[in-house]
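S.K.: Sequence and predicted model, in that order:
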Amino acid sequence: LLLGCELTASTKSYTFQVDEEDNSDHILALSMVCLTDGAKDECNVVEVIGRNHENQEIAVPVANLKLSCQPLLSLDNFKLQPPVTFRLAAGSGPVHLAGWHRIMHREDASFEEDDDDLSEEDEEDLPPIMPAKK
């Protein structure tokens, strides 16, 4: 699925979230951030607000766009875990964000248990970790 939103002086944030009861894995990938028609020659800072591994909210700037020097930034499918909020932290935009949303349905909940438990035979097949050569 394609994702697109626009951040402006009047709409400074956009939140992408999924249904918490959904038993699917969701990946949100940000491809591009760009200034659109009507943008002023000012710094437009876009940040992503999400949660870290300790479930604490964090905000990370991902783009600093200016019409005269960098009106567009390719993020090469920067992957995020929903829910995530995109916020125009500085500037008045308009800034367009584009990306995609992938949903991976779980057909069988037992596949996780099978993948996590390696048998002793599987562990023996793994090569030993060798120290780096200097």
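M.R.: Sure thing, it's come through. Numbering: from 1, shown residues only.

S.K.: Could you pull out the buried residues of stretch 6-23?
M.R.: Under the neighbour-count criterion of 16 or more other Cβ atoms under 10 Å, stretch 6-23 has Leu7, Thr8, Tyr14, Phe16 buried. (Each C-beta comes from the backbone N, C-alpha and C, glycine too.)

S.K.: cool, stretch 77-95 as well?
M.R.: By 16+ other Cβ under 10 Å, the buried positions in stretch 77-95 come out as 78, 80, 84-89, 91-95.

S.K.: Likewise for stretch 36-51?
M.R.: Ala39, Asn44, Val45, Val46, Glu47, Val48, Ile49, Gly50.

S.K.: Closest to Ser68 out of the buried residues of stretch 77-95?
M.R.: Using Cβ to Cβ, Gly91 comes nearest to Ser68 of the buried residues of stretch 77-95, at 13.0 Å.
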